[in-house]
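**Student:** Build me a structure from this.
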Amino acid sequence: GAEPGYEQKHFGENEKRGRLRLIASPDGSEGSVRLLESARIHASVLAEGERVVHALEAGRLCYIHVATGAAQVQGRALAAGDALMQWQEAGEVEIAGGPCEVLLFDLPP
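**Tutor:** Next up is the predicted model:
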């Protein structure tokens, strides 16, 4: 029943470098764009050897997409265009760069 909307925002590489930058969320926190869903989307640009960790809550889904480059996600090697999904397992999700740009989707079940 929500009214449709449109929002656009640019997040520069420096805002994403070496960290998980929140780019979309239900409440628009941290300057992210608003979603009409209980999802949080993060973007990260990692140099070779850099890593980021996301704390996944129990019952949530985590979908990671490697947009460019290559990454190690939960110890698995992924290349540009590859993705990995983790679900129903609370804990840390680790992404290591090689270098790469990744998107992390924290989703409801």
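**Student:** which residues of the chain score low on pLDDT?
**Tutor:** Across the chain, the ranges flagged by pLDDT under 70 are 88.
**Student:** could you redo the last one with a cut-off of 80?
**Tutor:** Where the chain drops to pLDDT under 80, the residues are 87-89.
**Student:** can you give me the strands in it?
**Tutor:** 21-25, 33-34, 40-46, 51-56, 61-73, 76-79, 83-87, 91-107 (DSSP state E).
**Student:** Just say which of these is most tucked in.
**Tutor:** strand 40-46 (a mean of 22; mean count of other CB atoms under 10 Å). Yep, even glycine has a C-beta here, placed from its N, CA and C like the rest.
**Student:** name the helices or strands packed onto that one?
**Tutor:** When contacts are defined as 3 or more CB pairs under 8 Å, 6 or more residues apart in numbering; DSSP states H and E, strand 40-46 sits against helix 13-16, strand 21-25, strand 51-56, strand 91-107.
**Student:** let's go with 6 Å and repeat that
**Tutor:** helix 13-16, strand 21-25, strand 91-107 (3 or more CB pairs under 6 Å, 6 or more residues apart in numbering; DSSP states H and E).
**Student:** how about those in JSON lines, adding distance to residue 57?
**Tutor:** Below are the helices and strands packed on strand 40-46 laid out as JSON lines (distance: least, CB to CB, whole Å):
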{"stretch": "helix 13-16", "distance to residue 57": "23"}
{"stretch": "strand 21-25", "distance to residue 57": "14"}
{"stretch": "strand 91-107", "distance to residue 57": "8"}
